[in-house]
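Peer 1: whatever this is, show me its structure:
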Amino acid sequence: LVPRRHRLGAERARKLLRESLAHAGTYNDRKVKVRFINSEYITTDNIDGQLNRMAGVVICPGFGQRGTEGKIIAANYTRTHDIPTFGICFGMQMMVVEFARYVLRHSDANSTEIDSSTHTPVIDIMEEQKNIKQMGGTMRLGAYDCLLTEGSRAQTAYQGQNIVAERHRHRYEFNNNYLDEFQHAGMYASGY
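Peer 2: Numbering: from 1, shown residues only. Next up, the predicted model:
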């Protein structure tokens, strides 16, 4: 069982995601149909039946180990089947882990949030978070400037702006020690 406060938080997050997608659809003159799939139950055996008719996929946020392998399987499926995919926070992190495992062939690639002993920490805790022991309310929160890559889809989505700032709350990030390897293999960072 999930504590009531966690259920309410998850319900609120699903509602906000659904509303955001509906607004994006309206802006683009499209009707958006949302179907939530629990990543805990995604396997390589059932993924085709889960995603084969999707026009796009959002890999949602999360914390900890729960459902991570399902998110990685979904990221692999959407990448190899050319389905537009958007990873939000932890979802983006699992997309990075998938690419490292299946394209770069780092079989133990992971986030240090999931496996602190991984030899390939493509997602790692932010330097300023490493010495924080009391986790409540300590995530980096704010709207930090992000320089968008010229000509990227992100820059197009922001109507040609070069610098944007969005509020976020997180503790882990892409490990820039792997940036050149990722970009050489075709996964580009569109904002810094």
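Peer 1: from here on, just use CA atoms for contacts and neighbour counts.
Peer 2: Noted.
Peer 1: and the most centrally placed residue in the chain, helix, strand or coil?
Peer 2: In the chain, the residue lying closest to the centroid (Cα atoms, centre = their mean) is M92, at 1.8 Å. Classification of M92 using DSSP: H, G, I helix; E, B strand; the rest coil returns helix.
Peer 1: where in this protein is pLDDT low?
Peer 2: Within the chain, the segments meeting pLDDT under 70 span 1-10, 127-142, 168-170.
Peer 1: and the strand ranked longest in it, which strands flank it?
Peer 2: Using DSSP state E to define each element, the chain has its longest strand at strand 121-125. Here strand 121-125 is paired, per DSSP bridges, with strand 110-111 (parallel), strand 172-174 (antiparallel).
Peer 1: now those in CSV, with distance to V122?
Peer 2: Shown next, in CSV, are the strands paired with strand 121-125 (distance: least, Cα to Cα, whole Å):
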stretch, distance to V122
strand 110-111, 6
strand 172-174, 6
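Peer 1: ok, the residue nearest to the centre of the chain - contacts?
Peer 2: 59, 86 (Cα atoms under 8 Å, 6 or more residues apart in numbering).
Peer 1: swap the cut-off to 10 Å and go again
Peer 2: Neighbouring residues of M92 by Cα atoms under 10 Å, 6 or more residues apart in numbering: 58-61, 71-72, 75, 85-86, 98, 123, 173-174.
Peer 1: shouldn't R101 be within a helix?
Peer 2: Yes. Per three-state DSSP, R101 lies within a helix segment.
Peer 1: list the contacts of it.
Peer 2: With Cα under 10 Å, 6+ apart, R101 has these contacts: 72, 76, 95, 107-110, 120.
Peer 1: run a quick neighbour tally on the residue lying closest to R66 once chain neighbours are set aside.
Peer 2: Spatial nearest neighbour of R66, chain neighbours left out: E40 (6.7 Å); criterion: Cα to Cα, 6 or more residues apart in numbering. E40 has 13 neighbours, counted by other Cα atoms under 10 Å.
Peer 1: circling back: identify, out of the strands paired with strand 121-125, the most deeply packed stretch.
Peer 2: strand 110-111 (a mean of 26; mean count of other Cα atoms under 10 Å).
Peer 1: what's in contact with it?
Peer 2: Contact with strand 110-111 is made by 64-65, 90, 93-94, 96-98, 100-101, 116-125, 172-175, as judged by Cα under 10 Å, 6+ apart.
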